[in-house]
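# with the input below, show me the fold.
(one chain, ligands or ions: 1)
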Amino acid sequence: MIIGPPPLKWEEKGKFTRKINTVFHLGKLVEIYRQLNSNEAAIITQLRTGKTFFNEYLYKIKAVDTAACEYRYKELIAHFLFSCRKWRQ
Ligand SMILES: [Zn+2]
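Presented below is the predicted three-dimensional model:
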């Protein structure tokens, strides 16, 4: 069993991207991208759009068998960045 938040309602889709965009202060996003090399820019874009190497997305496109991380939590971007035990020290 995977532990994770309930599926998003249609009005909530894109909420994470909007949150990330807010963090980047939309108007300054282009300037931030100019300071990054192409690999760094690609990672930021993946995090903004949700199309990443995390199991939640890979499961959606049927590339892996589970959406969970090794601790059985749904491997969402926010989980990876803020709460996954794998990355705590
Ligand atoms: Zn985890």
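
# what about stretch 71-89, how long is it end to end?
15 Å (Cα to Cα, to the nearest Å).

# check whether it comes near the ion.
Yes - under the criterion of Cβ under 5 Å from the ion, the ion is reached by stretch 71-89 at 71, 73, 84. No exception for glycine: its C-beta is placed from N, CA and C like everyone else's.

# correct me if wrong: the first one contacts residue 85.
What that stands for is residue 71. Yes - with contact defined as Cβ atoms under 8 Å, residue 71 counts as touching residue 85 (5.3 Å).

# okay, the residues of stretch 71-89 next to the ion in TSV with secondary structure and neighbour count next?
Output for these, formatted as TSV (DSSP: H, G, I helix; E, B strand; the rest coil; neighbours: other Cβ atoms under 10 Å):
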residue	secondary structure	neighbour count
71	coil	12
73	strand	21
84	coil	17
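
# tell me which of these is nearest to the ion?
Nearest to the ion out of the residues of stretch 71-89 next to the ion is residue 84 (Cβ to the ion; 3.2 Å).

# which residues of this protein lie near the ion?
69, 71, 73, 84.

# so the last one touches residue 69, yeah?
What it means is residue 84. Yes - using Cβ under 8 Å, residue 84 is in contact with residue 69, at 5.7 Å.
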